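Asker: kindly return the folded structure for what I paste below:
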Amino acid sequence: MQNYFHRQIQLWGEQTQRSLQSKSVAIVGSGGLGSSLGFALGSSGIGKIHMIDFDDVSLHNIHRQIAFKTGDVGKNKALLNARLIEERCPFVKAIAHDCNFEEWCAKEIPVDLIIDATDNLPTRGAINRHAKAKNLPWVYGSVEAFHGQVCFFEESSFEDAFKITDKTPAGIAAPIVMHIASLQANLALRYLAGLSVKKDFLYYLFFNDEGELVTQKFNLPK
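Answerer: Model (predicted):
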């Protein structure tokens, strides 16, 4: 383990690295954000990672969903992600759940953190309600076109900050998906490692018409 996690142990010490073995997270969605989160967190040493998704890989997914290749079309996304996580890191147990979020909730599986990797507002509302009922924090992330949003929810409520609709996302550039997932993964890993995290604080990132990356920050109501 010391050799595999050498650079992380340099960052925060062996005791913190070993503490991650007792942590468990649920990643809701195994597509664009979920694939990148699986790569980032799946090699970090978290003890258990639950990948949740009922969807199968389609050809149009692959350009932005980095866990998949063309030969994976028709296969379940959660199963593929879980297999890849364990292939890349022997110290992590990845469990695939071929079901929707509500069905996963019914399993009553204890986790330390939920990470949103979905692509629709109603499911994020369901994540928020489940997290509140279980007194769990969760990390929100969304992408559309060349912009995205990230927030670590603890006391604030997603449903107080966002209007829940069935709006379908517009087109998406692949790099912004990886960028937002990276920010989510950093927040999650800092929290699980016991480092400070800015909570209930929305980060909004976008490229303006001149191609400049702009980051805005907003306090959310509690």
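
Asker: for residue 56, name its beta-bridge partners.
Answerer: In this entry, residue 56 is beta-bridged to residue 76, by DSSP bridges.

Asker: for residue 201, see how far away it is.
Answerer: 35 Å (CB to CB, to the nearest Å). Using the backbone N, CA and C atoms, a C-beta is placed for each residue, glycine as well.

Asker: how far off centre is the helix or strand of the chain with the lowest mean pLDDT?
Answerer: In the chain, the helix or strand scored least confidently by mean pLDDT, DSSP states H and E is helix 158-161, which has a mean of 88. Centroid separation between helix 158-161 and its chain, computed with CA atoms, centre = their mean, to the nearest Å, is 19 Å.

Asker: show me what the longest helix that the chain contains is packed against.
Answerer: With secondary structure taken from DSSP state H, the chain has its longest helix at helix 174-192. Contacts defined by 3 or more CB pairs under 8 Å, 6 or more residues apart in numbering; DSSP states H and E place helix 174-192 against helix 32-42, strand 113-116, strand 138-144, strand 147-153, strand 201-207.

Asker: and with 7 Å instead?
Answerer: helix 32-42, strand 113-116, strand 138-144, strand 147-153 (3 or more CB pairs under 7 Å, 6 or more residues apart in numbering; DSSP states H and E).

Asker: host element of residue 51?
Answerer: strand 48-52 (DSSP states H and E).

Asker: just the C-alphas of that strand, formatted as PDB.
Answerer: Provided in PDB are the C-alpha atoms of strand 48-52 (Å, rounded to 0.1, in the frame of the first residue of the first chain):
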ATOM      1  CA  LYS A  48     -15.900   1.000  -0.600                       C
ATOM      2  CA  ILE A  49     -17.300   2.800  -3.600                       C
ATOM      3  CA  HIS A  50     -20.900   2.100  -4.600                       C
ATOM      4  CA  MET A  51     -21.500   2.800  -8.300                       C
ATOM      5  CA  ILE A  52     -25.200   3.300  -9.000                       C
END
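
Asker: after it, next one along is what?
Answerer: Strand 48-52 is succeeded, C-terminally, by helix 77-88 (DSSP H and E).

Asker: can you say which of the helices and strands packed on helix 174-192 is nearest to residue 180?
Answerer: strand 147-153 (3.8 Å; CB to CB).

Asker: what pairs with the closest one, parallel or antiparallel?
Answerer: strand 138-144 (antiparallel), strand 201-207 (antiparallel).

Asker: between that strand and helix 174-192, how many degrees?
Answerer: Angle, strand 147-153 to helix 174-192, by axes from the mean of the first three to the mean of the last three CA atoms, to 10 degrees: 10 degrees.

Asker: contacting residues around strand 147-153?
Answerer: For strand 147-153, the external contacting residues (CB atoms under 7 Å, 6 or more residues apart in numbering) are 128, 131, 137-142, 176, 179-180, 183-184, 187, 197-207, 220.

Asker: from the chain's centre, how far out does stretch 106-124 sit?
Answerer: Relative to where its chain is centred, stretch 106-124 has its mean C-alpha point 9 Å off (CA atoms, centre = their mean).
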